[in-house]
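next one to model:
(one chain, ligands or ions: 1)
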Amino acid sequence: MSASERGSFSSSFGVIVAMAGSAVGLGNMWRFPYLVGENGGAAFILIYLIFVLVFCLPVMLCEFVIGRRGGANAVKSFALLAPKSAWPLAGVLGILAAIFIMAFYPVIGGWGVNYLVKALNFTFSRAGEIDYGALFNSSVSSTVPPLIYMAIFLLASVAVVAFGVKNGIEKCSKVMMPVLFFLVLGIAIYAMCLPGAGDGIRYLFRPDFSAVTGKTVAAAMGQAFFSLSLGMGAVITYASYAGKNTSILRESIATVSADTVFAIIAGCAIMPAVFAFGYSPEQGPGLVFVTLPALFADMPGGGIIAILFFIAFLLAAITSAISLLEVMVAYFSERLKISRGWTLAILTIFLLGLCTLSSLANGPLADRKIFGMDLMTFFDYTSANFMMTLGALLIVLFVGWKIGKTVYVEELTNGGKIRVPRWLLDGTFFVIKYIAPPVIVAIVLVSILG
Ligand code: PFF
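Numbering: from 1, shown residues only. Have a look, this model is predicted:
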């Protein structure tokens, strides 16, 4: 496919919005809060923040360098930068990770559609005494309705990708992200003012390291990669659509900041409510769906806020799902030389099949285990904790040891046109080359052995 046939973003702002759209999603609003709850609160958050700052920013810079320099999909960019080597396999791992994530992401998106329908029926405001835990369980464990909701979510995401990079992904993200931000911020402020919210705030901000294990650290690292869409070629793919004169550093810092702020605000919206209403923070994937409806039922005007929230929740999820689809579409259409339309159609059928299995894993197939996990948990856990982590490792090794510092500096400074402080170039490259690889390996080993 020639360069002119590939899509592109219209501006640096467009790149930032699309990247933030990819990063901010269910990872922030659904996965982060429940992992915080499962891993003891503030200590997990602190470890998460250290990863984001020390490792994720450099990994993101690496992916940007690979994608913009390579100017092609996640696999071909490696091949162009390291011809006749095995490095493109790192890209293939990324494609596989994208498939794994899209094997469960639309199921959670479908839960969001289901709850939007409930909100539209004013289910939450009408009955203050609903058992929200039971409501959640019955909603996700039945057979057919979750499949329909999942399909609606998947097809909506496919429709956006079908419009292409500029008209679909970029336009959609520009409208959706600010709406979401102000909504979640408002909900967080309300939740933090609830009577009894103090315990939740302490849980979020007062660390207790006594319960931290290797698994906690690995979960924080996996979540950081997952939330920032790192280690699997999403950033490489989007960076290949970025203009040569945009600033990689500025785009990366903006994306990382937006994503982190969203995660913390989502935590502030959910944890205080968990404590104020007497729920357990450790209830796993259902946490957001159990807690927030109770919060909405308590709020003046909560019926309307619930509707707006679930719309925004879905928009955030869609802007992430489309980046996952784009990784696959860019690769398969360019590799197999078939149109984007056909590639999408075939992928959609394939993903519908995988997501059906994941959805049923919450009900009829709950007893079918792989490595002790149900199928959906398996896709979720393996993609973040192993595939993206391994992908991130290969990416830093590639930039640190294969393409090297000259290219790295050239890309970050746009060939000397942008001034970037020397300490930042040296510092980030040092982390990429010497610190990140052994630390990532050590954490994965500790989590497997420990
Ligand atoms: N970052 C997304 C989220 O937080 O929901 C999930 C995701 C999107 C992961 C795109 C990976 C990716 F390539």
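
for the rest of this, base every contact and every neighbour count on C-alpha atoms.
Fine.

is stretch 56-64 in proximity to the ligand?
No - Stretch 56-64 does not reach the ligand (C-alpha under 6 Å from any ligand atom); its nearest approach is 11.5 Å.

so how far is that stretch from its chain's centroid?
Distance of stretch 56-64 from the chain centroid (C-alpha atoms, centre = their mean, to the nearest Å) equals 15 Å.

ditto for stretch 433-450
Remark: stretch 433-450 is offset 22 Å from the chain centroid, using C-alpha atoms, centre = their mean.

list the contacts for residue 68?
By C-alpha atoms under 8 Å, 6 or more residues apart in numbering, the residues touching residue 68 are 236, 239-244.

ok but it is inside a strand, no?
No - assessed with DSSP: H, G, I helix; E, B strand; the rest coil, residue 68 is helix; it does not lie in a strand.

re the thing from before, now render the contacts of residue 68 as a markdown table, adding neighbour count.
Formatted as a markdown table, the contacts of residue 68 follow (neighbours: other C-alpha atoms under 10 Å):
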| residue | neighbour count |
| --- | --- |
| 236 | 33 |
| 239 | 29 |
| 240 | 27 |
| 241 | 23 |
| 242 | 25 |
| 243 | 16 |
| 244 | 16 |
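
would you turn those into CSV with distance to the ligand?
Shown next, in CSV, are these (distance: C-alpha to the nearest ligand atom, whole Å):
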residue, distance to the ligand
236, 9
239, 12
240, 14
241, 15
242, 16
243, 20
244, 22
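
from those residues, which one has the minimum pLDDT?
Within the set of the contacts of residue 68, pLDDT is lowest for residue 243 (82).

got the phi and psi for the residue nearest to residue 400 when sequence neighbours are not counted?
Spatial nearest neighbour of residue 400, excluding adjacent residues (C-alpha to C-alpha, 6 or more residues apart in numbering): residue 433 at 4.3 Å. Dihedral pair for residue 433: phi -80, psi -40, per degrees, to the nearest 10.

okay, and for the stretch 101-250 of the chain, where does confidence drop off?
125-128, 164-166, 168-170, 172-173 (pLDDT under 70).

immediately after the lengthiest helix in the chain, which helix or strand?
Ranked by residue count under DSSP state H, the longest helix found in the chain is helix 302-336. Next helix or strand after helix 302-336 toward the C-terminus (DSSP states H and E): helix 340-360.

can I get that following helix in PDB, CA atoms only?
Output in PDB follows, covering the C-alpha atoms of helix 340-360 (Å, rounded to 0.1, in the frame of the first residue of the first chain):
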ATOM      1  CA  ARG A 340      -9.800  -2.400   4.700                       C
ATOM      2  CA  GLY A 341     -13.600  -3.100   4.300                       C
ATOM      3  CA  TRP A 342     -13.100  -6.900   3.700                       C
ATOM      4  CA  THR A 343     -10.500  -7.100   6.400                       C
ATOM      5  CA  LEU A 344     -12.900  -5.500   8.900                       C
ATOM      6  CA  ALA A 345     -15.800  -7.800   7.800                       C
ATOM      7  CA  ILE A 346     -13.700 -10.900   8.300                       C
ATOM      8  CA  LEU A 347     -12.300  -9.700  11.600                       C
ATOM      9  CA  THR A 348     -15.700  -8.800  12.900                       C
ATOM     10  CA  ILE A 349     -17.000 -12.300  12.300                       C
ATOM     11  CA  PHE A 350     -13.900 -13.800  14.000                       C
ATOM     12  CA  LEU A 351     -14.100 -11.500  17.000                       C
ATOM     13  CA  LEU A 352     -17.900 -12.100  17.400                       C
ATOM     14  CA  GLY A 353     -17.000 -15.800  17.800                       C
ATOM     15  CA  LEU A 354     -14.300 -15.200  20.400                       C
ATOM     16  CA  CYS A 355     -16.400 -12.700  22.300                       C
ATOM     17  CA  THR A 356     -19.300 -15.100  22.400                       C
ATOM     18  CA  LEU A 357     -17.100 -17.600  24.200                       C
ATOM     19  CA  SER A 358     -15.900 -14.900  26.700                       C
ATOM     20  CA  SER A 359     -19.400 -13.700  27.300                       C
ATOM     21  CA  LEU A 360     -20.600 -17.300  28.000                       C
END
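
what's the average pLDDT for that helix?
The average pLDDT for helix 340-360 rounds to 96.

distance from the chain centre to it, please.
Worked out by C-alpha atoms, centre = their mean, helix 340-360 lies 19 Å from the chain centre.

contacts for the next helix or strand after that helix, please.
Sequence order places strand 369-370 as the next helix or strand after helix 340-360, per DSSP H and E. If you take C-alpha under 8 Å, 6+ apart as the criterion, strand 369-370 is touched by 375, 378.

let's number from 43 now, not from 1
From this message on, residue numbering opens at 43, which makes the last subject strand 411-412.

just how off-centre is strand 411-412 within its chain?
Offset of strand 411-412 from its chain centre (C-alpha atoms, centre = their mean): 24 Å.

picking that back up, got a pLDDT number for the residue nearest to residue 442?
Note on residue 475: pLDDT of 98.

OK, contacts around it?
Contact partners of residue 475, counting by C-alpha under 8 Å, 6+ apart, are 438-439, 441-443.

excluding sequence neighbours, find me the nearest residue to the residue of the stretch 93-242 of the chain found nearest the ligand.
Nearest residue of the stretch 93-242 of the chain to the ligand: residue 140, at 6.2 Å (C-alpha to the nearest ligand atom). In space, and not counting its chain neighbours, residue 140 is closest to residue 366: 5.6 Å by C-alpha to C-alpha, 6+ apart.

near the ligand, which residues of the stretch 243-392 of the chain show up?
Proximity of the stretch 243-392 of the chain to the ligand, by C-alpha under 6 Å from any ligand atom, involves residues 268-271, 274, 276, 362, 365-366.

which one (most neighbours) among those?
Within these, neighbour counts (other C-alpha atoms under 10 Å) peak at residue 274, which reaches 33 neighbours.

residue contacts, that one?
Counting by C-alpha under 8 Å, 6+ apart, residue 274 touches 133, 135-137, 139-140, 429-430, 433-434.

ok, for it, nearest residue in space, not its chain neighbours?
residue 136 (3.7 Å).

all helices for the stretch 43-192 of the chain, in order.
Taking DSSP state H, counting those that start in this stretch to define them, one finds helices in the stretch 43-192 of the chain at 54-65, 68, 74-80, 84-93, 99-112, 116-123, 130-144, 147-162, 165-168, 174-183, 186-204.

what would the ones you listed look like in CSV with distance to residue 383?
Formatted as CSV, those follow (distance: least, C-alpha to C-alpha, whole Å):
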stretch, distance to residue 383
helix 54-65, 21
helix 68, 26
helix 74-80, 34
helix 84-93, 38
helix 99-112, 23
helix 116-123, 19
helix 130-144, 18
helix 147-162, 20
helix 165-168, 39
helix 174-183, 31
helix 186-204, 7
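
closest one to residue 417 among those helices?
Residue 417 lies closest to helix 130-144 among the helices of the stretch 43-192 of the chain, at 10.7 Å (C-alpha to C-alpha).
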